[in-house]
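*Asks:* Quick one: sequence plus predicted model below, questions after.
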Amino acid sequence: PNYPCQPLDNYFKHVIGCSKEFNNEECYDHHLKSKFCHNSKKCEKCGVIWYVAVNNRNGRSGHVCSERYCTTCFSFHDPKRGCYIKSLTQRKPKPYRSHRF
């Protein structure tokens, strides 16, 4: 379909599986055929579209309204608090021999 989806007169569909809304039949049909519901969902409380795979990794169990994924520290946190980059852990150097001639 052509993006962005152009609204059609009096057309409206709400997808129960992912809470997304469509005002164009062609876009709605494409959504159902491509199985986008498995990839992302729309939060009914805050309206954010969140990705299932990202929000369910590392022990997370879905979307939290006040949190966003930070590409600086690679974790979820409230954008208002700012980002704190984790400090590097210093590795113990491996023993080695040096031969000089």
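*Replies:* That came through, no problem.
*Asks:* Bridge partners for the residue most central in space within the chain, pull those for me.
*Replies:* The centre of the chain sits closest to Tyr51, judged by C-alpha atoms, centre = their mean, with a distance of 3.4 Å. Judged by DSSP bridges, the bridge partners of Tyr51 are Ser40.
*Asks:* Do I have it right that it meets Ser40?
*Replies:* Yes. With contact defined as C-beta atoms under 8 Å, Tyr51 reaches Ser40; the gap is 5.1 Å. The C-beta positions use only the backbone N, C-alpha and C, and glycine is treated the same way.
*Asks:* residue ranges of the strands in this structure, please?
*Replies:* Taking DSSP state E to define them, one finds strands in the chain at 13-14, 21-22, 40-42, 49-51, 68-70, 75-77.
*Asks:* Arg60 is nearest to which of the ones you listed?
*Replies:* strand 75-77 (7.1 Å; C-beta to C-beta).
*Asks:* buried ones in that closest one?
*Replies:* By 16 or more other C-beta atoms under 10 Å, the buried positions in strand 75-77 come out as Phe76, His77.
*Asks:* next one: that strand to chain centre, how far?
*Replies:* Distance, stretch centre to chain centre, for strand 75-77: 11 Å (C-alpha atoms, centre = their mean, to the nearest Å).
*Asks:* ok, now stretch 11-21?
*Replies:* Per C-alpha atoms, centre = their mean, the displacement of stretch 11-21 from the mean C-alpha position of its chain is 19 Å.
*Asks:* All further residue positions should be reported with the first residue as 52.
*Replies:* Renumbered: residue one is now 52, and that last one reads stretch 62-72.
*Asks:* Rounded mean pLDDT for that stretch, please.
*Replies:* Averaging pLDDT along stretch 62-72 yields 92.
*Asks:* Please list the residues outside the lengthiest helix in the chain that contact it.
*Replies:* Taking DSSP state H as the criterion, the chain has its longest helix at helix 76-85. If you take C-beta atoms under 8 Å, 6 or more residues apart in numbering as the criterion, helix 76-85 is touched by Pro52, Cys56, Leu59, Tyr62, Lys64, Val66, Lys71, Phe73, Cys88.
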